[in-house]
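Chemist: build me a model:
(one chain, ligands or ions: 2)
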Amino acid sequence: MNLDDRHNADMSSGRFIVFEGIDGSGKTTQAQILANRIREAGRIVHVTSEPTNSPIGNLIRQGMTGRIQLDDRVIAALFAADRIDHLTNHTDGILDLLASGCTVISDRYYFSSYAYHTDYTGQAWVKHANAIAEGLLRADLTIYLDISPDIAVERLSKGRSFQERYERLDRLVSVRNSYEQAFRDADDTENIVIVDGHGDVESTSKSVWAVVEQHLTAF
Ligand SMILES: Nc1ncnc2c1ncn2[C@@H]1O[C@H](COP(=O)(O)OP(=O)(O)OP(=O)(O)O)[C@@H](O)[C@H]1O
Ligand SMILES: Cc1cn([C@H]2C[C@H](O)[C@@H](COP(=O)(O)O)O2)c(=O)[nH]c1=O
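Modeler: Numbers count the residues shown, from 1 in each chain. Ligands and ions are numbered 1, 2, ... in the order given. Next comes the predicted model:
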């Protein structure tokens with residue numbers, strides 16, 4: 001059954017769209033633009049992100065900013081836990097939102113873990129730790145915004161003196177390579193589209209919308 005057949009069979013459940021990409025690739029910007037566009041088409045949209053705003057997500061953020069000291073493997077484990085909570089909690093959990101018919105757009109999902117943690121935990125561990133989330137929900141569409149790490153660092157440094165844990169050029173080079181590897185390894189039930197993120201905000205948003213229209217025909 002392809003994606004459209006699945007949704008024709010169950011029009012009551014919402015679509016799950018994920019943005020992936022290295023830090024500074026434009027995910028947050030494009031997620032908001034896409035959400036507005038889908039709302040204009042008459043659907044209810046919830047935009048979310050990982051790490052979440054849950055207690056686990058807040059702990060992760062403190063580790064990411066250096067407010068508390070956490071080993072990279074602890075961070076990897078916390079992200080896997082945060083993701084299961086992101087899916088299953090009954091306050092603003094993704095599974096409940098989708099069941100209510102809402103379209104959910106997430107800024108990052110499990111491919112972020114494959115890209116950011118493999119260097120520290122090995123691929124087998126990170127895949128295993130995220131198998132529950134993978135089993136619970138795959139994205140209907142994963143949009144990977146591809147930009148070169150040097151452009152990402154340039155964007156991130158504008159108007160900001162603070163650098164988060166993984167926002168260094170050498171890390172982003174490695175993370176980008178790991179994303180590419182994870183996409184090569186992904187099984188064919190994953191619907192991953194790579195969008196060039198080097199253009200300006202407007203031209204990138206047009207490319208994103210073209211992908212969404214092509215892959216999720218009900219919009
Ligand atoms: N297409 C673009 N061209 C130039 N600058 C951009 C573009 N898209 C976003 N930006 C700027 O780059 C910075 C990072 O953008 P954004 O927060 O959307 O990226 P992100 O992928 O969500 O980053 P992070 O993963 O670090 O949260 C912001 O200052 C944003 O205004
Ligand atoms: C989901 C997820 C995220 N990360 C990293 C990637 C970024 O460096 C931060 C999130 O920052 P953002 O600016 O809010 O996008 O967290 C990670 O290492 N592992 C993950 O699973």
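Chemist: name the next helix or strand downstream of the lowest-mean-pLDDT helix or strand in the chain, please.
Modeler: One helix or strand of the chain scores below all others by mean pLDDT, DSSP states H and E: helix 3-9, with a mean of 40. Using DSSP states H and E, the helix or strand that follows helix 3-9 in sequence is strand 16-20.
Chemist: backbone dihedrals for residue 25, please?
Modeler: phi -80, psi -10 (degrees, to the nearest 10).
Chemist: please apply the same query to residue 195.
Modeler: The phi/psi pair for residue 195 (degrees, to the nearest 10) is phi -120, psi 130.
Chemist: show me what it is bridged to.
Modeler: Counting by DSSP bridges, residue 195 is bridged to residue 145.
Chemist: and it, how many neighbours?
Modeler: 21 (other Cβ atoms under 10 Å). Every C-beta, even on glycine, is put in place using the N, C-alpha and C of the backbone.
Chemist: hang on, it packs against residue 211?
Modeler: Yes: at 6.2 Å, residue 195 counts as touching residue 211 under the criterion of Cβ atoms under 8 Å.
Chemist: identify the contacts common to the two.
Modeler: The contact sets of residue 195 and residue 211 overlap at residue 143 (Cβ atoms under 8 Å, 6 or more residues apart in numbering).
Chemist: contacts only, for residue 46.
Modeler: Residue 46 sits in contact with 92, 97, 102-105, where contact means Cβ under 8 Å, 6+ apart.
Chemist: below-threshold pLDDT in the chain: ranges please.
Modeler: In the predicted model, the chain carries pLDDT under 70 at residues 1-12, 159, 218-219.
Chemist: ligand 2 contacts on this protein?
Modeler: Taking Cβ under 6 Å from any ligand atom as the criterion, the chain approaches ligand 2 at residues 23, 50, 64, 79, 108, 112-113, 116, 164, 166.
Chemist: make CSV from the residues you listed and add distance to residue 124 and secondary structure to it.
Modeler: Formatted as CSV, the residues of the chain next to ligand 2 follow (distance: Cβ to Cβ, whole Å; DSSP: H, G, I helix; E, B strand; the rest coil):
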residue, distance to residue 124, secondary structure
23, 25, coil
50, 22, coil
64, 24, helix
79, 16, helix
108, 21, coil
112, 18, helix
113, 13, helix
116, 16, helix
164, 27, coil
166, 21, coil
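Chemist: which residues sit in contact with the residue most central in space within the chain?
Modeler: By Cα atoms, centre = their mean, the chain has its centre lying nearest to residue 108, at 1.7 Å. Counting by Cβ under 8 Å, 6+ apart, residue 108 makes contact with 18-20, 27, 49-50.
Chemist: hmm, which of those residues are the buried ones?
Modeler: With burial judged by 16 or more other Cβ atoms under 10 Å, the buried subset of those is 18-20, 27, 49-50.
Chemist: list buried residues within the contacts of residue 46.
Modeler: The buried subset of the contacts of residue 46 (16+ other Cβ under 10 Å) comprises 97, 102-105.
Chemist: separation between residue 118 and residue 51?
Modeler: 18 Å (Cβ to Cβ, to the nearest Å).
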